[in-house]
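>>> quick one: sequence and predicted model below, then my questions.
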Amino acid sequence: MPQRERLEIHPADGSLTLQPSGRVVGKGLRRQDVQALLAEFFGGSHEHGNGYAWLSLHGFDLGGKPCWLSLGFHEGLLNMVLIGVGLPGAQEEDGWPTQKAIDNEIAFVRQALGKQLGRHFGNGDVTFPWGTAWSRFDPKGFAASAGLRYR
């Protein structure tokens, strides 16, 4: 397993820069190019058969915590990034995170994204010229939801 790459999000365009390697992933990159660029982080893929596909990647760091990504592609081009983090001591009940664990993850991601993007995540969503960043509770999935959606 390679050393974790630190995830940095550029506020001007929402691109992801991985440090220390300097690799950059951003809006509109082709799926096959992203998969080749980040091959050692590949965890799986899912093709929906309707123009949408996802790549799962792991081995990243956000704000000093382990982080994983799910990259969403429409018609082969990157249009969404989902972000998950692993907080030490996150409590579970029957294999599922507790509401407190979810709330802690949301707060942590809001702080980390807010610091990188220079914005406050009051209601959980922040709009930029390039798209939206969010960190909020997903009641349907009963989970923390965080990521970037490009315009």
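Alright, I've got the coordinates. Numbers count the residues shown, from 1 in each chain.

>>> quick one: the helices in the protein, in order.
Secondary structure of the chain (DSSP state H): helices at 31-37, 99-117.

>>> for residue 39, see how far away the closest residue to residue 32 other than its chain neighbours is.
Among residues not flanking residue 32 along the chain, residue 76 sits closest, at 7.7 Å (CB to CB, 6 or more residues apart in numbering). Backbone N, C-alpha and C define where each C-beta goes, glycine included. As judged by CB to CB, to the nearest Å, residue 76 and residue 39 stand 17 Å apart.

>>> try residue 102
31 Å.

>>> between these two, who's got more neighbours?
Neighbour count, other CB atoms under 10 Å: between residue 102 and residue 39, residue 102 has more, with 18 against 9.

>>> for residue 91, which of the helices of the chain is the nearest?
helix 99-117 (5.1 Å; CB to CB).

>>> any residues touching the closest one, and which ones?
With CB atoms under 8 Å, 6 or more residues apart in numbering as the test, helix 99-117 has contacts from 8-9, 11, 62-63, 65, 83-85, 87, 90-92, 97, 120-121, 124, 126, 128, 133, 135-137, 142-144, 146.

>>> narrow those residues to those in strands?
Judged by DSSP state E, the contacts of helix 99-117 include 8-9, 62, 65, 83-85, 92, 97, 126, 128, 133, 135-137, 143-144, 146 as members of strands.

>>> any of those residues buried? List them.
9, 62, 65, 83-85, 97, 126, 128, 133, 135, 137, 143-144, 146 (16 or more other CB atoms under 10 Å).

>>> and the residues you listed, which two are furthest apart?
Those two in those that are separated most widely, counting by CB to CB, are 97 and 128, at 28.5 Å.

>>> and residue 19, how many neighbours?
That count, for residue 19 with other CB under 10 Å as the rule, works out to 11.
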